[in-house]
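Novice: Starting from these lines, generate the structure:
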Amino acid sequence: MHLQEKDPAEEVNRLQCCINDLISLLALPAIWSGNEPRQIVHILLDALLRVLRLEFAYARLKDPVTTAPMEVLRVADTCKLTVPLHDFGGMLTSWLEHEGNSSLRAARNRFEEEDISIFPVPLGIQGEIGMVVVGSERADFPSQTESLLLSVAANQASIGLREAELLIEQKRIANELDRRVTERTAELAAANEELKRSEERWRSVFENSAVGVALTDLNGRFIATNPFYQKMLGYTEQELQSLTFLDITHQDDLDHNLLLIAELLAGERQQFQIEKQYRRKDGTSVWVWNNVSIVPGTERVPRFLMALSEDITLRKLSEEALAKARSELTRVARITSLGVLTASIAHEVNQPLSGIITNASTCLRMLSADPPNVDGALETVRRTIRDGNRASDVITRLRALYSKKEPSPECMDLNEATREVTALSSSELQRSGVILRYEFDDDLPAVIGDRVQLQQVILNLLRNAADAMSTIDVRPRELVIRTEHDEENQVRLSVKDTGVGLTPQAAEKIFEAFYTTKTDGMGIGLSISRSIVEAHQGRIWARPNDGPGATFSFAMPCAPEGIADTQSGIHQTDPAKDAA
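Specialist: Numbers count the residues shown, from 1 in each chain. I've put the predicted structure just below:
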């Protein structure tokens with residue numbers, strides 16, 4: 001068998017063409033450099049159609065972002081195929097699934113009226129990028145050289161597509177970074193602008209505030225103060241920066257202030273409020289209400305104390321004036337209440353004075369007798385002394401109720417104090433037809449209080465009860481004074497009448513200043529009584545009776561046992577019995 005010899009010139013020409021085709025395919029990266037994947041695929045398919053003289057070239061790329069693949073079909077001008085891209089891709093997909101993607105074998109298929117050799121070329125090692133499918137009318141397609149050229153082109157395209165994907169990702173990342181930088185820059189600019197506006201607002205508030213603002217370090221040394229704070233204390237800002245808040249705090253408030261600051265620095269509290277006195281530069285004092293807090297610091301900004309100071313000197317002066325006025329009003333009310341007892345008091349004093357005169361005259365007659373009746377004279381002298389002491393007791397009680405002395409707390413028996421008051425009021429109560437009845441607890445604990453003030457409360461309750469029964473004619477005008485040991489270690493005194501009664505609404509308001517149910521009342525008696533009782537850590541209230549009338553009560557703490565025991569030897573008298 002003889003082998004057909006090849007023409008050397010033809011073989012050289014074929015090799016030269018092969019080299020030219022290879023060079024053309026190797027030059028493709030320079031053409032598609034910087035282009036997007038679709039443009040790379042177009043360039044690749046056009047080059048394959050031209051170099052390999054194909055009928056068609058089809059590419060399908062996997063899109064990593066979307067689920068739909070990207071398809072491109074290039075058909076030679078001489079090809080008679082008219083199948084649309086979507087249908088063409090479907091036919092190739094069916095063929096590839098039937099043959100298997102891994103079988104890189106040529107196959108002869110019929111497309112429309114044409115028999116075409118089809119050859120698949122994967123893009124990427126396992127076809128992860130996509131697939132190129134080429135077709136030629138030649139039955140021997142592809143030759144060994146054409147397979148080599150297809151492999152080179154596929155490798156070049158895979159590299160180009162990878163680079164394009166990386167470039168797209170780089171652009172995406174760069175765009176994302178640009179977007180984020182732009183947004184962050186805008187945010188920082190807005191934040192800086194807001195910070196600037198906040199600083200301007202803070203500076204405006206700091207400079208123009210009607211409240212003193214001071215910043216100090218943790219040792220209390222002033223860092224910054226606003227004009228109001230400086231004016232309030234009479235110092236310049238420079239002068240204050242050489243001082244601490246301890247230097248200007250009044251000695252009386254220093255220990256308490258230091259205790260609160262220590263708790264603040266120890267984290268036991270976030271802030272505190274305190275009323276204190278500052279010493280001004282000129283030596284005078286100013287009362288302030290301080291709200292002090294500790295501001296959390298950072299690595300660059302240390303912690304410091306922030307104090308808001310309100311000048312309350314005028315309020316303090318007003319409170320002192322109000323307390324003085326209330327004290328004076330209490331005294332006036334006491335005198336007013338006693339004014340109506342003038343006749344009763346005169347009767348109480350007149351009785352012993354009459355007795356003194358009568359006894360003195362009797363004594364003279366007994367001594368003038370012949371012989372003198374010395375025993376009878378001695379007895380009349382004793383009666384004279386008794387009546388003199390009686391008048392003295394009445395005057396002493398009267399002077400105590402009229403006095404303007406400061407409150408003087410003492411350990412006292414509430415039963416005894418009540419009897420002293422009723423002794424002064426007994427004549428008036430009798431003329432008003434009031435039947436007075438005592439229901440005293442004989443084992444009543446002592447209390448600590450100002451005797452005169454508490455007697456004023458009792459006197460006011462007695463007068464109100466008598467007034468409430470002044471128009472009652474259909475039933476006895478009975479007034480009951482009861483003392484008892486109340487709950488929570490307290491003593492209670494109640495005044496119960498059978499008068500016109502009290503509505504629940506009036507019971508809620510009757511202790512308010514200037515509220516009265518009387519046509520000629522001022523409405524201050526019960527208000528003052530409440531102030532006195534509350535000053536003794538007690539409470540006062542009123543309630544309607546189940547039957548006619550109302551009951552007014554007040555309760556106050558018992559005296560501590562140790563103090564009460566030392567007063568157990570106090571002599572208790574009964575003025576009501578003495579007056580009899």
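Novice: Which parts of the stretch 1-150 of the chain are strands?
Specialist: Secondary structure of the stretch 1-150 of the chain (DSSP state E, counting those that start in this stretch): strands at 56-61, 70-75, 107-111, 114-123, 130-136.
Novice: Residue 459 is nearest to which of those?
Specialist: strand 70-75 (107.8 Å; C-beta to C-beta). For every residue, glycine as well, the C-beta is placed using N, CA and C.
Novice: Can you name every helix or strand that that closest one contacts?
Specialist: helix 37-52, strand 56-61, helix 85-99 (3 or more C-beta pairs under 8 Å, 6 or more residues apart in numbering; DSSP states H and E).
Novice: next one: the second one to chain centre, how far?
Specialist: Going back to what we said before, that points to strand 56-61. Strand 56-61 sits 71 Å away from the centroid of its parent chain (C-alpha atoms, centre = their mean, to the nearest Å).
Novice: tell me what it is packed against?
Specialist: Strand 56-61 packs on helix 37-52, strand 70-75, helix 85-99, strand 114-123, strand 130-136, going by 3+ C-beta pairs under 8 Å, 6+ apart.
Novice: got the angle between it and strand 130-136?
Specialist: Strand 56-61 and strand 130-136 are oriented at 170 degrees to each other (axes from the mean of the first three to the mean of the last three C-alpha atoms, to 10 degrees).
Novice: picking up where we left off before, just name the most buried of the helices and strands packed on strand 70-75.
Specialist: strand 56-61 (a mean of 24; mean count of other C-beta atoms under 10 Å).
Novice: picking that back up, want to try JSON lines for the strands of the stretch 1-150 of the chain, with mean pLDDT as columns?
Specialist: JSON lines is the format used below for these (pLDDT from 0 to 100):
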{"stretch": "strand 56-61", "mean pLDDT": "88"}
{"stretch": "strand 70-75", "mean pLDDT": "86"}
{"stretch": "strand 107-111", "mean pLDDT": "69"}
{"stretch": "strand 114-123", "mean pLDDT": "85"}
{"stretch": "strand 130-136", "mean pLDDT": "88"}
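Novice: Figure out which of those strands is closest to residue 510.
Specialist: Closest among the strands of the stretch 1-150 of the chain, using C-beta to C-beta: strand 70-75, at 94.0 Å.
Novice: quick one: contacts of the closest one?
Specialist: 37-38, 41-42, 45-46, 49, 55-61, 63, 81, 85-86, 88-89, 130 (C-beta atoms under 8 Å, 6 or more residues apart in numbering).
Novice: at 10 Å what do you get?
Specialist: Strand 70-75 has contacts (C-beta atoms under 10 Å, 6 or more residues apart in numbering) with 37-38, 40-42, 44-49, 54-63, 81-86, 88-89, 92-93, 130, 132-135.
Novice: which non-adjacent residue is nearest residue 107?
Specialist: residue 118 (5.3 Å; C-beta to C-beta, 6 or more residues apart in numbering).
Novice: didn't that neighbour look like it was pressed against residue 139?
Specialist: No: Residue 118 lies out of contact with residue 139 (C-beta atoms under 10 Å); the separation is 12.0 Å.
Novice: Settle it for me: which of those two has more neighbours?
Specialist: residue 118 (23 against 10; other C-beta atoms under 10 Å).
Novice: Roughly how far does that one sit from residue 264?
Specialist: Residue 118 sits 87 Å away from residue 264, going by C-beta to C-beta, to the nearest Å.
Novice: Check residue 296 too.
Specialist: Counting by C-beta to C-beta, the gap from residue 296 to residue 264 is 12 Å.
Novice: Neighbour count: those two, which is higher?
Specialist: Legend: neighbour count by other C-beta under 10 Å for residue 296 and residue 264, higher for residue 264 (18 against 7).
Novice: Now do the contacts for the more buried one.
Specialist: Counted by C-beta under 10 Å, 6+ apart, residue 264 has contacts 218, 270-272, 292-294, 305.
Novice: In CSV, list these along with distance to residue 479.
Specialist: Shown next, in CSV, are those (distance: C-beta to C-beta, whole Å):
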residue, distance to residue 479
218, 66
270, 57
271, 55
272, 52
292, 56
293, 58
294, 62
305, 62
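Novice: residue ranges for the helices of the stretch 451-580 of the chain, please.
Specialist: Along the stretch 451-580 of the chain, counting by DSSP state H, counting those that start in this stretch, helices occupy 451-468, 504-509, 525-535, 561-566, 575-579.
Novice: Quick one: closest of those helices to residue 238.
Specialist: Going by C-beta to C-beta, the one of the helices of the stretch 451-580 of the chain nearest residue 238 is helix 525-535, 47.3 Å.
Novice: To what extent is residue 75 buried, counted in neighbours?
Specialist: Residues near residue 75, counting by other C-beta under 10 Å: 20.
Novice: Can you give me the separation between it and residue 57?
Specialist: From residue 75 to residue 57 the distance is 8 Å (C-beta to C-beta).
Novice: shared neighbours, these two?
Specialist: Contacts common to residue 75 and residue 57, judged by C-beta under 10 Å, 6+ apart, are 45, 49, 135.
Novice: any chance of those in JSON lines, with distance to residue 9 too?
Specialist: As requested, the shared contacts of residue 75 and residue 57 are exported to JSON lines (distance: C-beta to C-beta, whole Å):
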{"residue": "45", "distance to residue 9": "33"}
{"residue": "49", "distance to residue 9": "28"}
{"residue": "135", "distance to residue 9": "31"}
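Novice: hang on, the earlier thing: in strands, which of the contacts of residue 264 appear?
Specialist: Applying DSSP state E to the contacts of residue 264, the entries found in strands are 271-272, 292-294, 305.
Novice: Cool, thanks, talk later.
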